[in-house]
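Novice: Using only what follows, build the 3D model:
(one chain, ligands or ions: 2)
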Amino acid sequence: MDLSGKIAVVTGAAMGIGKAITEKLLQNGATVVLLDVNETAAKTLMEDLSKQYGQDRTLFLSCNVESEEQIKAAFQKTVETFGGINILCNNAGILNESDWEKTVSINLLGVIRGTYLALKHMNKTSGGRGGVIVNTASMAGLGPLISCPVYTATKHGVVGFTRAMSGASTALGYGVRFNVICPGFVQTELLSDPNSKMGQFSHLVDVIEQMMIKDGTLNATEVADSVLEMVTDETKNGAALMIFSKGKQYITFPSM
Ligand SMILES: NC(=O)C1=CN([C@@H]2O[C@H](COP(=O)(O)OP(=O)(O)OC[C@H]3O[C@@H](n4cnc5c(N)ncnc54)[C@H](O)[C@@H]3O)[C@@H](O)[C@H]2O)C=CC1
Ligand SMILES: CCCCC/C=C\C=C\C(=O)C/C=C\C/C=C\CCCC(=O)O
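Specialist: Residues are numbered from 1 along each chain as shown. Ligands and ions are numbered 1, 2, ... in the order given. Reported below is the predicted structural model:
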């Protein structure tokens, strides 16, 4: 899939992995709409991006993925400005075991909200042009991060939702591919101040630190390379890609 002229929407685009995905898609010719709640970080990034890629290749819209109304308005604005949506990266996520309902609302419900609302514009059976949706899960979507049970649950949910949507989209002729990335530890803000984020499980931080030392860490650009692969490789549908510091591997799930 050639990305020139393609319209991509990235959630949680102002920082970390979302920022790296945005830059990767721009480098490869796409136009990118950045959605985020952090207006300060987004505005600084936008100044940079418009200098590098031109004002007409990017648009920032303040959008909280907890709000159906805000996502709907952001997609509507995207379609009015650029004519459609070809690519959606549901990437926004947090780690907060104390406010675990917010973690579910952003990490899992945000992906579901984003997907259903984007399909209204992308689904070929309702006048859309088809395309691809790539969701950001985590290695914690495949195995337990013991200090973060709710984060783990949301990421398992994202993996399951993506795979089921891939099957549904194929069966119903939506023309939309669905893939999911499962990165290991990535050097971003999400890893900062773990004690405060793990709530009642903060005494397990040492165990996670040992895991991190053993497994190593990725940088966000390495993760974005994998997103690009899943966007452009049209043979990938329903794929889950594990990304770790020593390489990457597509997951084989038991057949049902
Ligand atoms: N950093 C890591 O070790 C790993 C992160 N991930 C996942 O990658 C995704 C991105 O995380 P990072 O870049 O690491 O974190 P980050 O904290 O650096 O960036 C997250 C971005 O999402 C935005 N955001 C947060 N809540 C939002 C909301 N309600 N609506 C819209 N935007 C919102 C933030 O403002 C920020 O720009 C998350 O889904 C995370 O779970 C997955 C595996 C490992
Ligand atoms: C210094 C403490 C770091 C705190 C960790 C914070 C965030 C982690 C975010 C992730 O998405 C974690 C990524 C990878 C590890 C997850 C699970 C590993 C389980 C895999 C297994 O062994 O089965």
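Novice: The residue in the stretch 1-150 of the chain that ligand 2 sits nearest to - how many residues pack around it?
Specialist: Of all residues in the stretch 1-150 of the chain, G143 sits closest to ligand 2, at 2.1 Å by C-beta to the nearest ligand atom. Every residue, glycine included, has its C-beta placed from N, CA and C. By the other C-beta atoms under 10 Å criterion, the neighbourhood of G143 contains 13 residues.
Novice: Relative to L61, how far out is S226?
Specialist: 25 Å (C-beta to C-beta, to the nearest Å).
Novice: The stretch 101-250 of the chain against ligand 1: which residues are in contact?
Specialist: 106, 136, 138, 183, 185-186, 188-191 (C-beta under 6 Å from any ligand atom).
Novice: got those residues as a markdown table, with neighbour count, pLDDT and secondary structure columns?
Specialist: A markdown table is the format used below for those (neighbours: other C-beta atoms under 10 Å; pLDDT from 0 to 100; DSSP: H, G, I helix; E, B strand; the rest coil):
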| residue | neighbour count | pLDDT | secondary structure |
| --- | --- | --- | --- |
| I106 | 23 | 99 | helix |
| T136 | 28 | 99 | strand |
| S138 | 29 | 98 | coil |
| P183 | 25 | 98 | strand |
| F185 | 20 | 98 | coil |
| V186 | 21 | 98 | strand |
| T188 | 18 | 98 | coil |
| E189 | 12 | 98 | helix |
| L190 | 19 | 98 | helix |
| L191 | 15 | 96 | helix |
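Novice: isn't there a strand covering the residue of the stretch 1-150 of the chain closest to ligand 2?
Specialist: No. Under the criterion used here (DSSP: H, G, I helix; E, B strand; the rest coil), G143 is coil, not part of a strand.
Novice: any idea of the pLDDT on it?
Specialist: pLDDT for G143: 97.
Novice: The stretch 51-200 of the chain: helices as residue ranges?
Specialist: Applying DSSP state H, counting those that start in this stretch to the stretch 51-200 of the chain gives helices spanning 68-82, 100-104, 110-122, 149-172, 194-197.
Novice: highest average neighbour count across these?
Specialist: Compared across the helices of the stretch 51-200 of the chain, helix 110-122 shows the largest average neighbour count, a mean of 21 (mean count of other C-beta atoms under 10 Å).
Novice: A140 reaches A153, doesn't it?
Specialist: No. The pair A140 / A153 is not scored as a contact, 9.1 Å apart, by C-beta atoms under 8 Å.
Novice: How about the residues of the stretch 51-200 of the chain by ligand 2?
Specialist: Contacts of the stretch 51-200 of the chain with ligand 2, taken as C-beta under 6 Å from any ligand atom, map to 95, 138-140, 143-145, 184-185, 190-191, 194.
Novice: which ones are touching D2?
Specialist: By C-beta atoms under 8 Å, 6 or more residues apart in numbering, D2 lies in contact with 29, 232.
Novice: Let me know the secondary structure of it.
Specialist: coil.
Novice: any idea how far V231 is from it?
Specialist: 11 Å.
Novice: Please apply the same query to V205.
Specialist: 35 Å.
Novice: Fine by me, we can end here.
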